[in-house]
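Q: No letters, just coordinates:
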């Protein structure tokens, strides 16, 4: 997508502090971190949100999960714990409509939802 900020990062049109990259995915630091460590993990393929995953994406989804664990180890947060969040749709708080996983950690994160 030509106006997608994450596609522009993948295409190196916009700079990002990249933590990990391979042929399928990219991980980079969030510009508005919500925790001491806050990295976004995205597929290089433009997929608007979680609802657009199809059977053909099974390998990609597994790759995202396994690499999230590896990236947590690289960042030094695997031992103490981390959180993965996938927002889907505007009511969830999704702002960029290119599926992305938030990897957060590096400090106690508290409850998932505070009411």
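A: Looks like it arrived, so ask away. These numbers were taken from a predicted model, which means no experiment stands behind them. Numbering: from 1, shown residues only.

Q: top helix in the chain by residue count?
A: helix 58-74 (DSSP state H).

Q: which strands and helices sit next to it?
A: In terms of contacts (3 or more CB pairs under 8 Å, 6 or more residues apart in numbering; DSSP states H and E), helix 58-74 is packed against strand 18-21, strand 25-29, strand 37-43, strand 101-105. Bear in mind the C-beta positions are built from the backbone N, C-alpha and C, glycine included.

Q: To residue 88, which of these lies closest?
A: Nearest to residue 88 among the helices and strands packed on helix 58-74 is strand 101-105 (11.1 Å), distances taken as CB to CB.

Q: buried ones in that closest one?
A: 101-105 (16 or more other CB atoms under 10 Å).

Q: Please apply the same query to stretch 13-33.
A: Neighbour-count burial for stretch 13-33, counted by 16+ other CB under 10 Å, picks out 16, 19-20, 25-28, 30.

Q: Identify the farthest-apart pair in these.
A: Using CB to CB, the buried residues of stretch 13-33 span at most 15.5 Å, a distance reached by 25 and 30.

Q: What mean pLDDT does stretch 53-60 get?
A: The average pLDDT for stretch 53-60 rounds to 96.

Q: got the buried residues for it?
A: Buried residues in stretch 53-60, defined by neighbour count with 16+ other CB under 10 Å: 53, 57, 60.

Q: would you list those residues in JSON lines and tack on distance to residue 89?
A: Output for those, formatted as JSON lines (distance: CB to CB, whole Å):
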{"residue": "53", "distance to residue 89": "14"}
{"residue": "57", "distance to residue 89": "18"}
{"residue": "60", "distance to residue 89": "20"}
